[in-house]
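[1] Any chance you could fold what I've pasted below:
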Amino acid sequence: MGERGKKVAVIGAGIVGVSTAAYLLRAGFEVTIVDPLPPGSATSYGNAGMVRHDCNVPVALPGMLRQVPGWLADPLGPLALRPGYALKAAPWLLRWVRAGRMDVVNAAADALSELHRGNLDCYRDLLGAGPFGDLIRPVGGIQVWESEEEGLSDRITTEINARHRVVTEPLSVEDLKRLLPGISGIAKRGLLYPENAHTINPHRLVTALADGVRRDGGVFATERALKIVPAEGGGYMLLTNTANRRADIVVVAAGAWSNRLLKPLGAGLPLETERGYHLMLPSPSIELQMPVQMKNRGFAMSPMEHGLRLAGTVEIAGLEAPPDERRARILLTHARALFPDLKGGEPTIWMGYRPSLPDSVPAIGRAKNHAGLFVATGHGHTGMIGGGSTGRLLAELVAGAPPHVDPMPYSPTRF
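    Here you go, the predicted structure:
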């Protein structure tokens, strides 16, 4: 039997797993997606909806370590570290600090740029023109700052944008007032990304892709993957909470939970969860034409079809700690600092688990020392931004087809 027609189990029904399944089906594989939740109901559900192709700046940058104590001391700051989790997170945090060297930053930016460049084309290809136009708005995005002077991270971002020919337009205070009626005086400068895009409903985007997977013959198994067991003679047995599933090939796209399946096989990754929150404000009193990111406070305001989504911040607390609803309510405080007259209906709050690697570059490719075991995880803040192109690349690697980008920068074995 050739590669086409082999059975593939994709673990994870988020944007990455569903996109991967869609491309694997097109390549002729028999695909089952295993997840205890419906498609797009975990981390993909509540993000800020950015699908911008020009997002290429990693999180760890030179000089950022000096800012961390101030962030941690500020109850409204963009970063929180649960004291009881600090020791467990220390090895990852040390790797994150080391990833802030400029040589690592530039390599990561190059990799992110290559991966993200074709993402909108992938979504257009997978969804079709009609659903793509319904779900995705290529209307641009705005970043704002409270300071008039650029900091070190701003200058590095400018250099990276220039190297990758990212189109930007500086915005004065007058420009911001024109583009964002009602904005307060704390916004001292801005930057327009005219080629950015966002989805008006990340969950509906994933479910639309999942509908296409079903039409093409893919099967969704509502089960929790507990262990991947190499089978005698090749392939794997996937032990779930209700079944034993045989597969020739397994793709682990389980987000922040991926290491629970990879570590027993000796294929673990330096993966941590950057817990993120959102606050959904129905019937908002302001109408944004495009997403707005407040860079120094680490959050975004995204217009959605069901209201205004305030999303962001980072909390390092692992997979087990209960949500801290104050982290979500902080977002409304920030939004009203930027738009003092902001009002709306009864807000809802949410928390998700960003699967993050220290250098911000996802792991895409074959796992270490295991033929037929592939990984697609670690996208951190850029899951929606790189989900479609990740699925395309992973399917190419599984099928042994020429990859559309150099896969080496994303190799899970690079660690």
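
[2] How much space separates Glu315 from Met351?
    Glu315 sits 8 Å away from Met351, going by Cβ to Cβ, to the nearest Å. Using the backbone N, CA and C atoms, a C-beta is placed for each residue, glycine as well.

[3] Now the common contact residues for these two.
    Listed contacts common to Glu315 and Met351 are 275-277, 327; contacts here mean Cβ atoms under 8 Å, 6 or more residues apart in numbering.

[4] just checking, next helix/strand downstream of the helix or strand of the chain at the bottom of the mean pLDDT ranking?
    Within the chain, no helix or strand scores below helix 68-73, which has a mean of 77 by mean pLDDT, DSSP states H and E. Moving toward the C-terminus from helix 68-73, the next helix or strand (DSSP states H and E) is strand 79-81.

[5] Any chance you could list what contacts that following strand?
    Contacts for strand 79-81 (Cβ under 8 Å, 6+ apart): 68, 71-72, 89, 298, 313-317, 324, 327.

[6] And the next helix or strand past that strand?
    Counting by DSSP H and E, the element after strand 79-81 in chain order, helix or strand, is helix 86-98.

[7] Which secondary structure elements does that next one sit against?
    If you count contacts as 3 or more Cβ pairs under 8 Å, 6 or more residues apart in numbering; DSSP states H and E, helix 86-98 packs onto strand 307-316.

[8] Pull the distance from the lengthiest helix in the chain to the chain's centre.
    Identified as the longest helix of the chain according to DSSP state H is helix 383-399. Distance of helix 383-399 from the chain centroid (Cα atoms, centre = their mean, to the nearest Å) equals 13 Å.

[9] neighbour-wise, which of Glu315 and Met351 wins?
    Taking other Cβ atoms under 10 Å, Glu315 and Met351 do not tie; Glu315 has more neighbours (23 against 18).

[10] does that one really touch Gly298, like I thought?
    No - counting by Cβ atoms under 8 Å, Glu315 stays clear of Gly298, with 11.1 Å between them.

[11] hmm, back to that, and the least confident helix or strand of the chain, what does it pack onto?
    When contacts are defined as 3+ Cβ pairs under 8 Å, 6+ apart, helix 68-73 packs onto strand 79-81.

[12] Okay, now the sheet partners of the strand it packs on, with direction.
    Strand 79-81 sits in its sheet next to strand 307-316 (parallel), going by DSSP bridges.

[13] could I get the least confident helix or strand of the chain in PDB with only the CA atoms?
    These are the backbone C-alpha positions of helix 68-73, laid out as PDB (Å, rounded to 0.1, in the frame of the first residue of the first chain):
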ATOM      1  CA  VAL A  68       9.100  41.400  33.400                       C
ATOM      2  CA  PRO A  69       9.400  42.500  37.100                       C
ATOM      3  CA  GLY A  70       7.300  45.500  36.300                       C
ATOM      4  CA  TRP A  71       4.700  43.500  34.500                       C
ATOM      5  CA  LEU A  72       4.400  41.000  37.400                       C
ATOM      6  CA  ALA A  73       4.100  43.700  40.000                       C
END
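
[14] Show residues contacting it.
    77-81.

[15] which pair in the residues you listed spans the largest distance?
    The span of the contacts of helix 68-73, defined through Cβ to Cβ, is set by Pro78 and Leu81 at 11.8 Å.

[16] show me what contacts Pro270?
    By Cβ under 8 Å, 6+ apart, Pro270 lies in contact with 91-92, 95, 357-358, 415.

[17] Repeat that for Gly234.
    Contacts for Gly234 (Cβ under 8 Å, 6+ apart) come out as 248, 371-372.

[18] Selection in PyMOL covering whichever of these are buried, please.
    To isolate the buried ones among these in PyMOL, judged by 16 or more other Cβ atoms under 10 Å, type:
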select buried, resi 248+372
